[in-house]
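Visitor: Next input, structure requested:
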Amino acid sequence: MTLDSATLRGSLCAGTAMVSVGSSAAVSPLLVDYPLLAGQGWRYLVAGLLLLLAGRRAAATPRLTPRQWLRVGALAATGMAGFNVFLLKAVEHATPSTVGAVVGAAPVVLAVAGPLGAGRRPSGRIALCAAVTTLGVAVIQTFGTGSPLSLLYAVGALACECCFSLLAVPLLPVLGPRRLSGLACLVAAPMLGLCAALVEGRAALRPPTGTQGLALAYLTLVVTALAFFLWYAGIGLLGVDRAGLFAGIIPLTAVLLGPLLGTGTLAPSALLGAVLVGGAVLYGVTARTPSTQASTGSRGLGTDSGSSVPATASRTVREP
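Guide: Numbering: from 1, shown residues only. Model (predicted):
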């Protein structure tokens, strides 16, 4: 079983992105005493500025239509700001394992909704692998307890998580992964700032301690700026349905980091879940789909334009 160049690069991008996001479990405990929404707002603001400044010598950002700006705003409101709010409310009423198991269904949603949004039938092979990936996530998390309200919040977080990828697809040929990540972060920052002012009040202005500052710096540089860019680059090379399989790596990374850092133990269920997730991702990513064929021959990640999505792929994407 061999992988073509575009599939290999897309897999490395998407896999690294999800490992980076999963690693946030190692630093998040350092921020339990810091205002959550305020921290997320600062994180997105700084990450957005860094992403856009990184390409300051590149060609000017393409002029977006009003409908494309609305899509960027919707992406920021759901996939970034909304996800954090729903996740915060969900964990207030349920165990993290319950919330994680619900949000872990993202691969199934992306495997079906992604192709439908592009005007093609979902791949049965990818849908099956997505279901196995979700099962693996559930095994890793092991279901906890929660109220009906908490499950409703968790489903909201799941929907926002999927919007983070689905709403980006028509914008990638126009902006590329770096510009799209940067713009969306800058739009999400004031949204979270407003939520922080309403929910956390004056505590939102509290400066972080040294340890908290280092944790926020890691979340900003690695979990946001780097991971978002790599994730969107992976979607451009793989298609949203195949890239979505890698979402199952997030809880897997979080679980495996525990024993490595001495903060947890590795349960047998986690090993079983790891086998399910790993096998499903490997089998699903090798599927030949229209997005695979279109991505073959891509000229790179296209950090300053939409070239991460080849011309043949961009013609299959429906602009808003």
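
Visitor: where do the helices sit along the stretch 1-150 of the chain?
Guide: In the stretch 1-150 of the chain, the helices defined using DSSP state H, counting those that start in this stretch lie at 5-22, 24-27, 36-53, 66-75, 83-93, 96-103, 106-117, 124-141, 148-166.

Visitor: give me the low-pLDDT residue ranges for the chain?
Guide: Counting by pLDDT under 70, the chain contains low-confidence residues at 1-3, 56-61, 95-98, 141-146, 254, 258-266, 288-320.

Visitor: could you redo the last one with a cut-off of 50?
Guide: Low-confidence regions of the chain, defined here as pLDDT under 50, cover residues 291-303, 305-320.

Visitor: For the residue in it sticking out farthest from the centre, which residues are in contact?
Guide: Ranked by distance from the centre of the chain (Cα atoms, centre = their mean), the top residue is Arg202, with 30.0 Å. Contacts of Arg202 were listed using Cβ atoms under 8 Å, 6 or more residues apart in numbering, and none were found. Where C-beta positions appear, they are placed from N, C-alpha and C, glycine not excepted.

Visitor: how close does it get to Pro35?
Guide: Distance, Arg202 to Pro35, using Cβ to Cβ, to the nearest Å: 10 Å.

Visitor: Now Arg206: phi and psi?
Guide: Main-chain dihedrals, Arg206, degrees, to the nearest 10: phi -70, psi 130.

Visitor: does it really touch Leu31, like I thought?
Guide: No: in terms of Cβ atoms under 8 Å, Arg206 does not count as a neighbour of Leu31; the distance is 12.0 Å.

Visitor: if you count what's nearby, which of the two comes out ahead?
Guide: Between Arg206 and Leu31, counting by other Cβ atoms under 10 Å, Leu31 is the more crowded of the two (19 against 13).

Visitor: Relative to Leu198, how far out is the more buried one?
Guide: With distances defined as Cβ to Cβ, the gap from Leu31 to Leu198 amounts to 20 Å.

Visitor: so how far is Ala225 from Glu200?
Guide: Using Cβ to Cβ, one obtains 24 Å as the distance from Glu200 to Ala225.

Visitor: The two: which has the busier surroundings?
Guide: Neighbour tally, Glu200 and Ala225, criterion other Cβ under 10 Å: the higher count belongs to Ala225, 25 against 17.

Visitor: what residues are up against Gly248?
Guide: Contacts were defined as Cβ under 8 Å, 6+ apart; by that measure Gly248 touches Met18, Gly104, Pro107, Thr133, Thr134, Gly136, Val137, Val277, Ala280, Val281.
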